[in-house]
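Novice: Only the shape, not the letters, is given here:
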């Protein structure tokens with residue numbers, strides 16, 4: 001094999017690896033003052049962001065819409081005058097967004113406001129029938145929002161769980177968290193189950209356990225533990241049936257700019273691409289079916305921010321992890337190869353084999369299969385080095401094979 005051919009192979013290999021990975025990119029800033037501890041809710045492909053503590057320690061009640069398709073910001077109606085706050089919880093249901101609680105100065109709030117995206121108006125709803133709180137976590141399952149933990153005027157952290165039934169505008173208190181109080185934890189829901197991670201407990205310890213909640217039974221179960229330090233002010237999102245956790249701050253006051261994925265099938269954590277900027281926490285993080293966005297927050301140097309970052313399909317960054325599970329043998333081969341994928345969690349739809357110059361030599365459609373093990377005939381290929389790629393809409397896994 002001559003030097004020219006070897007060079008082409010190396011270029012092709014690194015380009016294929018680069019193309020299969022994703023990274024954060026900076027887009028249009030949040031359209032108002034820098035801030036942290038804001039809240040957001042998503043209706044369709046539009047997310048509404050507002051409140052928070054602005055530069056100069058000014059509380060906000062303003063809101064802005066972000067179209068996740070066009071990636072453009074616009075102004076919407078603010079909360080009514082006097083309703084400024086930070087550390088609010090928020091959620092959405094149908095065409096309505098909701099903002100609950102938070103803190104205004106030294107006043108802990110228990111009120112609930114509903115935003116109608118059709119009329120662009122806010123309406124007061126039934127307040128929580130308990131003391132005000134801030135820094136609560138929230139997830140929504142079907143027509144019920146669960147407000148979890150937080151901090152009250154009398155307690156550093158609380159373990160209360162309240163269910164707000166949206167159609168009837170009514171509250172029901174559920175059993176307290178069996179693992180203790182949590183403040184500024186991160187929460188989300190997937191497939192009618194809620195998930196909670198991180199947060200500060202009643203002893204001021206920063207937790208890292210991951211819990212699952214089943215509303216039908218009211219039971220919380222620990223399913224994993226984060227591999228790093230416990231945190232607060234982090235975000236957790238659900239994307240492609242995975243959990244993604246982003247940023248936060250630990251007990252030593254270290255902020256982070258990292259992103260991690262929890263794989264339900266293997267119960268393993270893997271680190272994804274970090275935001276290529278200063279570590280931060282307390283921003284607003286939201287997503288659609290393919291992209292995660294992170295806006296505002298406060299940096300490690302305690303500078304409030306208005307940057308907006310996005311990462312497209314971050315789970316595809318785990319292609320390296322999937323590649324480690326891919327076995328091709330015999331390699332080298334002179335007749336056929338066997339392709340096997342361990343711990344299969346993804347359905348691939350296509351296999352392609354290209355030569356060192358990138359010319360397509362073989363393409364084979366893959367039918368859905370519960371166990372990924374496929375034999376391919378390579379006897380017609382000339383002796384040399386080839387790249388074999390497994391594909392679907394989100395993933396590309398490429399490996400080198402040698403034909404003798």
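Specialist: Here it is on my side, so go on. Given the structure is predicted, the values throughout are model-derived calculations rather than measurements. Residues are numbered from 1 along each chain as shown.

Novice: what about the helices in the stretch 1-150 of the chain?
Specialist: 3-20 (DSSP state H, counting those that start in this stretch).

Novice: Any stretches of it with poor pLDDT?
Specialist: 1-22 (pLDDT under 70).

Novice: make it 50
Specialist: 1, 3-21 (pLDDT under 50).

Novice: What of the stretch 201-350 of the chain?
Specialist: In the stretch 201-350 of the chain (pLDDT under 50), the answer is 317.

Novice: Which stretches in the stretch 1-150 of the chain count as strands?
Specialist: Under the criterion DSSP state E, counting those that start in this stretch, the stretch 1-150 of the chain contains strands at 24-27, 35-36, 39-43, 46-50, 53-54, 58-59, 63-67, 72-75, 89-93, 96-104, 107-116, 121-125, 137-141, 144-148.

Novice: Is it correct that residue 237 is in contact with residue 285?
Specialist: Yes: Residue 237 is in contact with residue 285 according to CB atoms under 8 Å; the separation is 6.2 Å. All C-beta atoms are positioned from the backbone trio N, CA, C, and that covers glycine.

Novice: Looking at those two now, which is surrounded by more residues?
Specialist: More neighbours surround residue 285 than the other of residue 237 and residue 285, with 23 against 20 (other CB atoms under 10 Å).

Novice: and the more buried one, bridged to which residues?
Specialist: With DSSP bridges as the criterion, residue 285 is bridged to residue 294.

Novice: That one touches residue 308, doesn't it?
Specialist: No: look at residue 285 against residue 308 with CB under 8 Å: they stay out of range, at 10.7 Å.

Novice: Now do the shared contacts for these two.
Specialist: Common neighbours of residue 285 and residue 308 (criterion: CB atoms under 8 Å, 6 or more residues apart in numbering): 293-295.

Novice: so can I have JSON lines of the residues you listed showing neighbour count and distance to residue 340?
Specialist: Shown next, in JSON lines, are those (neighbours: other CB atoms under 10 Å; distance: CB to CB, whole Å):
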{"residue": "293", "neighbour count": "22", "distance to residue 340": "37"}
{"residue": "294", "neighbour count": "25", "distance to residue 340": "37"}
{"residue": "295", "neighbour count": "27", "distance to residue 340": "42"}
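
Novice: and which of those is nearest to residue 129?
Specialist: The closest of those to residue 129 turns out to be residue 295 (CB to CB; 33.1 Å).

Novice: And residue 396, what's its pLDDT?
Specialist: You'll see residue 396 listed with a pLDDT of 73.

Novice: count of residues packed around it?
Specialist: Residues contacting residue 396 under the criterion other CB under 10 Å number 20.

Novice: residue ranges of the strands in the stretch 301-404 of the chain, please?
Specialist: Using DSSP E, counting those that start in this stretch, strands in the stretch 301-404 of the chain cover 308-312, 326-329, 336-341, 350-354, 360-365, 373-377, 384-391, 396-403.

Novice: any residues touching the fourth one, and which ones?
Specialist: By that I understand strand 350-354. By CB under 8 Å, 6+ apart, the list of residues contacting strand 350-354 reads 12, 339, 360-366, 374, 376, 378, 381, 386-392, 401.

Novice: Tell me the buried residues within the residues you listed.
Specialist: 12, 339, 361, 366, 374, 376, 378, 381, 386-391, 401 (16 or more other CB atoms under 10 Å).

Novice: Got phi/psi on the residue nearest the centre of the chain?
Specialist: Nearest residue to the geometric centre of the chain (CA atoms, centre = their mean): residue 237, 3.0 Å. With angles defined as degrees, to the nearest 10, residue 237 sits at phi -130, psi 160.
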